[in-house]
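Peer 1: The following comprises the amino acid sequence and a computationally predicted model.
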Amino acid sequence: MSDQLKSIAFTVAIALVCSLLLTGAATGLKERKLRNVAVDRQKNILKSVGLLAPGSQMAIARIERLYDETIRCYVMDGTGRIVVSDSGKDGLPVCFYVKDSHPATYILPVDSRGLWGKIHGYMAIESDGKTVAGFSVYSHNETPGLGGEIEKPWFQKNFVGKRIVDGAGEFTAVGIAKGKVADAIPADRQANYVDGISGATLTGKFLTGGLKDVLSEYEPLSKRFRAGPVSLPSGS
């Protein structure tokens, strides 16, 4: 075999070995990657209901255990009725923080437009169907120090206690003011807004629209909660 053929054979052999190693590594890490994605989702749901403090370094196993003990996920149909998520019926995903066998809050996935891309998070609503229990953002492309402040605890905690209905009990969502709520919003609507982020007006505008869209979709469920206690499907 000539030196040229030996070089080609060696190159092919090296490429084959590297390909096998990369394939093996990808396969071996796939399960770990999927688990990390699931845990990140669980962590942010727990944050939205105040069961996990911002910046907490809780071990993965503890996060999974806490989630399994307190959170139940289902599907909401067009009338706001809750069905088991694997029942084969179409609908919107919704999770519940269950306390003393009753839903204390319901948790909605947030998928909003942002200035530079999608904003993903969770919003939790109290069982009165009116009051925000918590808000978390886990993915965004907003500018650090400006719109990127939406991921910070100081911004997210401002949602707690805000209302998704007006003074007459009619749906109105919750939004981000252009500046301080006390300065920018009339007194009778201040319960429906949080302080804006300086220099991030467009991020606030897009997130306000996204939150309204999400809350509108889940309004049938909110109405059920406003009408009285909601029971979760049994046997799940």
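Peer 2: Yep, that arrived. Numbering: from 1, shown residues only.
Peer 1: which sections of this protein are below the confidence cut-off?
Peer 2: Residues of the chain that meet the criterion pLDDT under 70 lie in 1-10, 12-13, 15-33, 85-89, 235-236.
Peer 1: What are the boundaries of the helices in it?
Peer 2: Counting by DSSP state H, the chain has these helices, from start to end: 3-48, 60-70, 153-156, 181-184, 201-217, 219-227.
Peer 1: who does the fifth one touch, helix- and strand-wise?
Peer 2: The contact analysis (3 or more C-beta pairs under 8 Å, 6 or more residues apart in numbering; DSSP states H and E) places helix 201-217 against strand 102-113, strand 118-126, strand 175-176. C-beta: built from backbone N, CA, C; applies to glycine.
Peer 1: try 6 Å
Peer 2: Using 3 or more C-beta pairs under 6 Å, 6 or more residues apart in numbering; DSSP states H and E as the contact test, the elements touching helix 201-217 are strand 102-113, strand 175-176.
Peer 1: Quick check: which of those is buried the most?
Peer 2: Counting by mean count of other C-beta atoms under 10 Å, strand 175-176 has the highest mean neighbour count of the helices and strands packed on helix 201-217, with a mean of 24.
Peer 1: which residues are contacting that strand?
Peer 2: Tyr193, Val194, Gly196, Gly204, Leu207, Thr208 (C-beta atoms under 6 Å, 6 or more residues apart in numbering).
Peer 1: So for Pro233, which of the helices and strands packed on helix 201-217 sits nearest?
Peer 2: Shortest separation from Pro233 across the helices and strands packed on helix 201-217 is recorded for strand 102-113, at 11.3 Å, computed as C-beta to C-beta.
Peer 1: Listing partners with orientation, what would you give for the closest one?
Peer 2: Strand pairing for strand 102-113, determined by DSSP bridges: strand 92-99 (antiparallel), strand 118-126 (antiparallel).
Peer 1: just these: most buried one?
Peer 2: The highest mean neighbour count among the strands paired with strand 102-113 belongs to strand 118-126 (a mean of 22), with neighbours defined as mean count of other C-beta under 10 Å.
Peer 1: got the angle for that strand vs helix 201-217?
Peer 2: Computed by axes from the mean of the first three to the mean of the last three C-alpha atoms, to 10 degrees, the angle separating strand 118-126 from helix 201-217 equals 50 degrees.
Peer 1: count of residues packed around Lys223?
Peer 2: Each residue near Lys223 was counted by other C-beta atoms under 10 Å, and the total is 13.
Peer 1: So for it, what's the nearest residue that isn't a sequence neighbour?
Peer 2: With sequence-adjacent residues excluded and distances taken as C-beta to C-beta, 6 or more residues apart in numbering, Lys223 is closest to Gly80, at 6.3 Å.
Peer 1: which two in the contacts of strand 175-176 are spaced the farthest apart?
Peer 2: The most widely separated members of the contacts of strand 175-176, counting by C-beta to C-beta, are Tyr193 and Leu207 (12.0 Å).
Peer 1: The two: which is more packed in?
Peer 2: Neighbours were counted for Tyr193 and for Leu207 using other C-beta under 10 Å; Leu207 has more, 28 against 25.
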